[in-house]
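S.K.: Pasted the sequence and its predicted model underneath.
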Amino acid sequence: MNKQVTSDIVRIGMVNYINVAPIYEPWKRREAEVGWNVVEAIPSKLNRMLAEGELDLGFVSCYEYGAHPELYRILPDLSISANGPVGSVFLFSRVPVKKLDGQRVLLTSQSETSVSLTKVALEEFFNVQPEYVTGEVMSELRDECAAVLAIGDDALRLAQEGNFSHQLDLGEVWKKNTGLPFVFAVCAVREEFCQQNPLLLSMVHKRLLECRSEGNSRLDDICKIAAPKIPMEVDRCKAYLKGIQYDLDEKKREALEQFFSYLIKRGDASPGALPLKVHSFT
């Protein structure tokens, strides 16, 4: 059962990967507002919590919006996106991708968006049909599979290990096949929170945009904080984060529509995902 939302409390989901550091580190530096409660978790957990009413808004896999569009609106001008290589969503393979037909592919359990993107890429773009299994990619299970989908900090660690002969950056694959950026996560807000707390929602949205602006201007300092969490070199962290984009411009909305079109055709998203419901503060 959904918990009652009061007018001065907001529960915000924040992905606990370093790709959100340019927003989240400035957020943590600011004085905490009373009643603004942040939950850090992997995308799949945030998806579940938002869907079950345990959160009011947050950065979640765009898949979650596509699966349950009746529950949410998308906050404008916020996303986690890439216009080409993303650097932290990889299909690591022991064989060329076109030879993965019938082979076991291990899919991370941390993000439905990346799982869906992998299936679209392999089946629609490369015309292969692997056998999919889901599990923890940093476990022994990956040794039993021909390829592994890893995201976020796990992907950064596996890329540094260099134990796979083929690395497919799924942001780059999407860009080559569609000409569009890819939106991995949106900031979704529950419908009832939009209706019950419009002023509070506007304040949170403004704070997120301010933090994004501050993060872009302080990227060197943020990388010094974020890089040791992998660990990785500060310069490499900066190069990685410079490839991540946090807006939701017209091209990114078009990209979301294209992705949801694929998912609807495959039966993996609700037809109600289109047209997009982007919240308006006017």
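M.R.: Now that the structure is in, tell me what you want to look at. Treat the numbers as computed from the prediction; the structure is a model and nothing was measured.

S.K.: hmm, who's touching the lengthiest helix in the chain?
M.R.: In the chain, ranked by residue count with DSSP state H as the criterion, the top helix is helix 198-217. The contact list for helix 198-217 (C-beta atoms under 8 Å, 6 or more residues apart in numbering) reads 7-8, 10, 12, 21-27, 30, 36, 57, 75-78, 187, 189, 193-194, 222, 246, 279, 281. (Glycine included, C-beta is placed from N, CA and C.)

S.K.: try 7 Å this time
M.R.: With contact meaning C-beta atoms under 7 Å, 6 or more residues apart in numbering, helix 198-217 is reached by 7, 10, 12, 22-23, 25-27, 57, 75, 77-78, 187, 189, 193-194, 222, 246, 281.

S.K.: Pull out the buried residues from those residues.
M.R.: 10, 12, 22-23, 25-27, 57, 75, 77-78, 187, 189, 193-194, 222, 246 (16 or more other C-beta atoms under 10 Å).

S.K.: just to revisit the earlier point, out of the contacts of helix 198-217, list just those in helices.
M.R.: Short answer: those in helices (DSSP H) are Pro22, Ile23, Glu25, Pro26, Trp27, Phe193, Cys194, Ile222.

S.K.: right, and the pair among these with maximum separation?
M.R.: Cys194 and Ile222 (30.2 Å; C-beta to C-beta).

S.K.: longest strand of the protein?
M.R.: Counting by DSSP state E, the longest strand found in the chain is strand 72-82.

S.K.: what is the orientation angle of that strand with helix 198-217?
M.R.: Comparing the axes of strand 72-82 and helix 198-217 via axes from the mean of the first three to the mean of the last three C-alpha atoms, to 10 degrees yields an angle of 0 degrees.

S.K.: Can you list the helices and strands that the helix or strand hosting Asp154 packs against?
M.R.: According to DSSP states H and E, Asp154 maps onto helix 152-161. Here helix 152-161 touches strand 89-93, going by 3 or more C-beta pairs under 7 Å, 6 or more residues apart in numbering; DSSP states H and E.
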